[in-house]
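Participant: Below is the sequence, then the predicted model.
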Amino acid sequence: MKIINKSNNIQITDLDLDILKFIKQNFNNSDIMIIDKSLIKLSLIKKIVKICSTRAIIIAGNENIKSLNQYCRIVEKILKKGINRNSKLFSFGGGTIGDLAGFVSSTLLRGIKHIMIPTTLLAMVDSSVGGKNGINSVIGKNLIGNFQLPEAIIINTNFLKSLPKREISCGFAEIIKYAFIHNKKLKHLMANNTFYEIKKKFLKEIIIESVFTKLKYTKDFRERKTGRYSRAILNYGHTFGHAIESMNSFKGTVKHGEAVAMGMIFEMKISSALNLKPNSINDLENMLRKFDLPVSYKKYIHKDNISKIIKKISSDKKSFNKNTNLILIKKNTGIVKKTSLLKLSELSMKLVT
Ligand SMILES: NC(=O)c1ccc[n+]([C@@H]2O[C@H](COP(=O)([O-])OP(=O)(O)OC[C@H]3O[C@@H](n4cnc5c(N)ncnc54)[C@H](O)[C@@H]3O)[C@@H](O)[C@H]2O)c1
Ligand SMILES: [Zn+2]
């Protein structure tokens, strides 16, 4: 296993055997394992379940498990199995399992150690890094949560072999976001190779570069700072992306990465309208197309729903006193720009008519 980052103890491998060895060496009989149900067909996971036997909890990872009900069900289940302050919680799954398991581990006995093994591309490059744990409230997404870094993050790229194509593309939406807010190396790698070449030859390198980028922006642990590496910049594509997602979530037609892809296009067009001279929109469109992500937002942002979208944005965490902190692209860097909702509404209206 290769260490990507020492202080956050982030390691990467492409060998199942490394994971098996890690579990054999580190899993004790007072520890707990939470595993995404989609993984139990894998031979590695079958072996791991054998090692943990009655200490393993299997859950079907999806957005609905990030709820107070599931949280209660799982902590009670774990407490019934019995744990102590030295117990560790291991989690295998995507961002939903990671966010929930992180919240469970940080609150059980006022905090036990969490070993996170992300199994989706999105979780490997984004949600596992930065220490945000959380669940959803009926009022909105991620409204209940805290910050606690996992004890270790162990990435095994082999898990991606069973991940559906659409989920792989959604992971690439966040990687494209990193490429456009910051990372020249990442942008070069992604622009100059085909999707096939990237999956075959450069995936590990791209995951490592993405983790480095996320770490740079999450040094600002609690989002207090503004400036070059403000954590807020990671929200590029997410202002309009979240609005699209929440207005369509009940239909389940748009995935997070797809909404972010459309959000990035729209927000780059706003950057252009504000004369920030962002990277060519064509480059962004070409890259999104290459990774099978949507480029046209017309179906989701149009003149009949734009005022509803602005209203959604006004109730977002990033909005305050009739203003919102937009994440825009200035030349080739992401920036935070305080913008009045009135101005945003006028600019958006021009982009949809
Ligand atoms: N904490 C953070 O900083 C942060 C950052 C970004 C996103 N998130 C959260 O991450 C979540 C999204 O994560 P996600 O996209 O990983 O979703 P997810 O956890 O729902 O996983 C997507 C699907 O893939 C399946 N799956 C997982 N690993 C698999 C594998 N190896 N093979 C086959 N199927 C597999 C899951 O069962 C699920 O059906 C959201 O809830 C979002 O809020 C958190
Ligand atoms: Zn995202």
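Facilitator: Received it, and whenever you're ready, just let me know what you need. Ligands and ions are numbered 1, 2, ... in the order given.
Participant: What parts of the stretch 51-200 of the chain come near ligand 1?
Facilitator: 61-63, 66, 93-97, 99, 119-120, 122-123, 126-127, 130, 132, 142, 159, 162-163, 167, 170 (Cβ under 6 Å from any ligand atom). The way it works is simple: take the backbone N, C-alpha and C, and place the C-beta from them, glycine included.
Participant: try 5 Å this time
Facilitator: For the stretch 51-200 of the chain, the contact set with ligand 1 under Cβ under 5 Å from any ligand atom comprises 61-62, 94-96, 119-120, 122-123, 126-127, 130, 132, 159, 162-163.
Participant: Skipping its backbone neighbours, what lies nearest Val352 in space?
Facilitator: Leaving aside its chain neighbours, Val352 sits nearest to Lys303 (4.8 Å; criterion: Cβ to Cβ, 6 or more residues apart in numbering).
Participant: and the one you found, helix, strand or coil?
Facilitator: coil (DSSP: H, G, I helix; E, B strand; the rest coil).
Participant: what does Ile335 give?
Facilitator: Assignment for Ile335 (three-state DSSP): strand.
Participant: which stretches of this protein have low pLDDT?
Facilitator: 220-227, 249-252 (pLDDT under 70).
Participant: per the record, what domains does it have?
Facilitator: In the domain annotation for the chain, the residue ranges read 2-162, 165-352 (automatic domain parsing).
Participant: Tabulate those domains (CSV), appending mean neighbour count.
Facilitator: Formatted as CSV, those follow (neighbours: other Cβ atoms under 10 Å):
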stretch, mean neighbour count
domain 2-162, 18
domain 165-352, 18
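Participant: where exactly do the helices run in this structure?
Facilitator: Counting by DSSP state H, the chain has helices at residues 16-26, 43-52, 68-81, 95-107, 121-122, 165-181, 184-191, 195-197, 203-218, 238-248, 256-273, 281-290, 306-314, 341-352.
Participant: Can you name the residues in contact with the second one?
Facilitator: Contact partners of helix 43-52, identified using Cβ atoms under 8 Å, 6 or more residues apart in numbering, comprise 16, 19-20, 23-24, 27, 31, 33, 35, 39-40, 56, 92, 158.
Participant: How about the shortest one?
Facilitator: When contacts are taken as Cβ under 8 Å, 6+ apart, the neighbours of helix 121-122 outside the stretch itself are 94-95, 160, 163, 167-168, 170-172, 174-175, 207, 256-257.
Participant: tell me the contacts of Lys331?
Facilitator: Counting by Cβ under 8 Å, 6+ apart, the residues that Lys331 touches are 276-279.
Participant: hang on, isn't the residue nearest to Val352 packed against Leu351?
Facilitator: No. The criterion here is Cβ atoms under 8 Å, and Lys303 misses it with Leu351 at 9.8 Å.
Participant: if we can go back for a sec, so which of the residues of the stretch 51-200 of the chain next to ligand 1 sit within strands?
Facilitator: Counting by DSSP state E, these place Lys132 in strands.
Participant: For Val295, see how far away the residue lying closest to Ala152 once chain neighbours are set aside is.
Facilitator: Spatial nearest neighbour of Ala152, chain neighbours left out: Asn9 (4.3 Å); criterion: Cβ to Cβ, 6+ apart. Distance from Asn9 to Val295, counting by Cβ to Cβ, to the nearest Å: 38 Å.
Participant: Then Ser230?
Facilitator: 27 Å.
Participant: and what of Thr194?
Facilitator: Thr194 is 18 Å from Val295, by Cβ to Cβ.
Participant: And for Asn192?
Facilitator: Asn192 is 19 Å from Val295, by Cβ to Cβ.
Participant: For the contacts of helix 43-52, which two are the farthest from each other?
Facilitator: By the measure Cβ to Cβ, Asp31 and Asn158 form the most distant pair in those, at 22.6 Å.
Participant: Spit out the contact partners of Glu285.
Facilitator: Applying Cβ under 8 Å, 6+ apart, the residues contacting Glu285 are 265, 295.
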